[in-house]
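Trainee: A predicted structure for the sequence below; I have some questions about it.
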Amino acid sequence: KAGVTQTPRYLIKTRGQQVTLSCSPISGHRSVSWYQQTPGQGLQFLFEYFSETQRNKGNFPGRFSGRQFSNSRSEMNVSTLELGDSALYLCASSRDPQNTEAFFGQGTRLTVV
Amino acid sequence: GENVEQHPSTLSVQEGDSAVIKCTYSDSASNYFPWYKQELGKGPQLIIDIRSNVGEKKDQRIAVTLNKTAKHFSLHITETQPEDSAVYFCAASISGTASKLTFGTGTRLQVTL
């Protein structure tokens, strides 16, 4: 059974650009959450999607957005990139929002220069 | 919002010794407390969790205890092995599930031979 797949694994972008990250959850999982991991702030919740609807949102500026497709795959977008957006972006999937086990992908390492 | 503090930030133990990592949370409504292990280059992996209606839970060499009154919970690893070396994160949620987790800042555990 394939795990959570995040693409790409690494990205280098320039300040002001925008970026789109992709997450394919485990087959049969319909809930996808995104987290930002940095050395200074640790793991911070970005948003959660279930059945193509955003259920929860963390305290991030509007430059951070996401969506979920009918096949449960999710994307997150960051516009007008800032140096501080450099981080490991992690996606976690679970069967549904009531499930306690969340499986994380390996993450996308974004570097903004 | 919820705030989770985790101590220590680094922990070095000899193989076979026990390791204890402690976390405190601020929101008394939190009712689900998972622990994750993150190895280099990988996403966090759930190792054990506990709900607010339980005081202790064990799974082989790993145990978690919860003190709701003091709002703190701890991870105990006995008979540590080199493969236990990793970064451990505690987390808390008010939803009773892995939805919208607030993470601690992590503990780097080093098990030496």
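Mentor: All right, it came through fine. Numbers count the residues shown, from 1 in each chain, chains lettered A, B, ... in the order given.
Trainee: what's around the closest residue to chain A within chain B, how many residues?
Mentor: Closest contact between chain B and chain A, by C-beta to the nearest C-beta, is at B:G43 (3.2 Å). For the C-beta atoms, the positions are set from N, CA and C on the backbone; glycine is no exception. The tally of other residues near B:G43 (other C-beta atoms under 10 Å in any protein chain shown) stands at 22.
Trainee: Would you enumerate the residues in contact with it?
Mentor: A:4, A:90, A:92, A:104-107 (C-beta atoms under 8 Å, 6 or more residues apart in numbering or on different chains).
Trainee: give me that answer again for 10 Å
Mentor: Residues near B:G43 by C-beta atoms under 10 Å, 6 or more residues apart in numbering or on different chains: A:3-4, A:6, A:35, A:37, A:88, A:90-92, A:102-107, B:36.
Trainee: Just the pLDDT at the residue lying closest to it once chain neighbours are set aside, thanks.
Mentor: Using C-beta to C-beta, 6 or more residues apart in numbering or on different chains and skipping the chain neighbours, the partner closest in space to B:G43 is A:F104 (3.2 Å). Turning to A:F104, the model gives it a pLDDT of 96.
Trainee: surely A:F104 meets A:Y35?
Mentor: Yes: when contacts are counted by C-beta atoms under 10 Å, A:F104 is listed as touching A:Y35 (8.0 Å).
Trainee: ok so, going back, filter the contacts of B:G43 to the buried ones?
Mentor: Those of the contacts of B:G43 that meet the buried threshold are A:4, A:6, A:35, A:37, A:88, A:90-92, A:102-107, B:36, by 16 or more other C-beta atoms under 10 Å in any protein chain shown.
Trainee: In chain A, which residue sits nearest chain B?
Mentor: Scanning chain A for the residue nearest chain B gives A:F104, at 3.2 Å (criterion: C-beta to the nearest C-beta).
Trainee: what's the spacing between that residue and A:Q36?
Mentor: The gap separating A:F104 from A:Q36 is 13 Å, by C-beta to C-beta, to the nearest Å.
Trainee: Who are the contact partners of the most centrally placed residue in chain A?
Mentor: Nearest to the mean C-alpha position of chain A, by C-alpha atoms, centre = their mean, lies A:W34 at 3.4 Å. Residues counted as contacts of A:W34 (C-beta under 10 Å, 6+ apart) are A:6, A:21, A:23, A:44-49, A:58, A:60, A:64, A:66, A:74-76, A:89-92.
Trainee: Could you rerun that using 8 Å?
Mentor: A:23, A:45-48, A:66, A:74, A:76, A:89-92.
Trainee: Going along the chain, name the strands of chain A.
Mentor: Per DSSP state E, chain A carries strands over the ranges A:5-7, A:10-13, A:19-24, A:31-38, A:42-50, A:53-57, A:64-68, A:74-78, A:87-94, A:103-104, A:108-112.
Trainee: looking at those, which is closest to B:T24?
Mentor: Nearest to B:T24, of all the strands of chain A, is strand A:42-50, at 14.9 Å by C-beta to C-beta.
Trainee: Parallel or antiparallel, list what pairs with that closest one.
Mentor: Note on strand A:42-50: by DSSP bridges, its sheet partners are strand A:31-38 (antiparallel), strand A:53-57 (antiparallel).
Trainee: now those strands as a markdown table including mean pLDDT?
Mentor: Output for those, formatted as a markdown table (pLDDT from 0 to 100):
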| stretch | mean pLDDT |
| --- | --- |
| strand A:31-38 | 96 |
| strand A:53-57 | 94 |
